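# pasted the sequence and its predicted model underneath.
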Amino acid sequence: MPVTQITLLPGYDDEVRARLVDRVSAAVRSVIASAEAGTTTYVQEAATYRRDGRVFTGGGAARPVAADVVRAFLQAMQSRDLMLARSFLAPGFSMCFPGGACFSTLDELVGWGATRYRRVSKHFDRFDECWAHDGTVVYCHGHLLGQWPDGSDFAGIRFIDRFLVVDGLLVRQDVWNDLAEHRGASS
């Protein structure tokens, strides 16, 4: 039965504390074979501490929920609000789509997409987060629906997106979907 203690400086709200306890518990259970009921994680507060010759009395900023950042970006893209969508991108953002089509700007992506469909939207089934040394990885999956260039509709096409989120910004997007298989069947 693992017991994990987290010590924080004052200033973190209840949502941040709950998210931290939940994620640390999940990390512990990913390494130690422990049942949910047998895993305890708690937060205590240190009013002040000293490190590297400096005294600290408050904690740093909390990061946004990476899956929320991804969802907001995808919704901005779906509504073609490219200015808002760009606000979620880190400098040097890159994206790679099926067939090895890679882009560094949203305008390139929209131009490429126009050759594949008239419109497309995503129905989200699930968002999953995992944590890496360089940021948070978010997987989003569901199905695509839209309209082919000839005006016929499509729906139910599987997709999965993988995002790397660092400091609340998207660094990379990789996309996999079955669009080409369905497009060939409709021709």
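Good, I have the coordinates.
# got the phi and psi for G113?
With angles defined as degrees, to the nearest 10, G113 sits at phi -60, psi -30.
# secondary structure class for the residue nearest to it when sequence neighbours are not counted?
In this structure, G113 finds its nearest non-sequential neighbour in V120, 6.9 Å apart by C-beta to C-beta, 6 or more residues apart in numbering. Heads up, the C-betas are built off the backbone N, CA and C, glycines and all. Of the three states, V120 takes strand according to DSSP: H, G, I helix; E, B strand; the rest coil.
# what about V120, distance to V165?
23 Å (C-beta to C-beta, to the nearest Å).
# G92 now?
On the measure of C-beta to C-beta, G92 and V165 end up 14 Å apart.
# what's the longest helix in the protein?
When the chain is parsed with DSSP state H, its longest helix is helix 14-31.
# list the beta-bridge partners for the residue nearest to G113.
G146 (DSSP bridges).
# my guess is it contacts L144, does it?
Yes: at 5.7 Å, V120 and L144 qualify as touching, with contact defined as C-beta atoms under 8 Å.
# ranges for the strands of the chain?
For the chain, strands defined by DSSP state E occupy the ranges 3-8, 40-45, 49-51, 54-56, 89-97, 101-103, 119-132, 135-147, 153-166, 169-177.
# could you dump these into JSON lines and include mean pLDDT and mean neighbour count?
Compiled in JSON lines, the strands of the chain are given as follows (pLDDT from 0 to 100; neighbours: other C-beta atoms under 10 Å):
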{"stretch": "strand 3-8", "mean pLDDT": "94", "mean neighbour count": "12"}
{"stretch": "strand 40-45", "mean pLDDT": "92", "mean neighbour count": "14"}
{"stretch": "strand 49-51", "mean pLDDT": "89", "mean neighbour count": "9"}
{"stretch": "strand 54-56", "mean pLDDT": "92", "mean neighbour count": "9"}
{"stretch": "strand 89-97", "mean pLDDT": "97", "mean neighbour count": "15"}
{"stretch": "strand 101-103", "mean pLDDT": "96", "mean neighbour count": "15"}
{"stretch": "strand 119-132", "mean pLDDT": "94", "mean neighbour count": "14"}
{"stretch": "strand 135-147", "mean pLDDT": "96", "mean neighbour count": "18"}
{"stretch": "strand 153-166", "mean pLDDT": "97", "mean neighbour count": "17"}
{"stretch": "strand 169-177", "mean pLDDT": "97", "mean neighbour count": "18"}
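# want to try CSV for those, with distance to V16 as columns?
Output for the strands of the chain, formatted as CSV (distance: least, C-beta to C-beta, whole Å):
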stretch, distance to V16
strand 3-8, 9
strand 40-45, 10
strand 49-51, 18
strand 54-56, 17
strand 89-97, 22
strand 101-103, 34
strand 119-132, 15
strand 135-147, 15
strand 153-166, 17
strand 169-177, 19
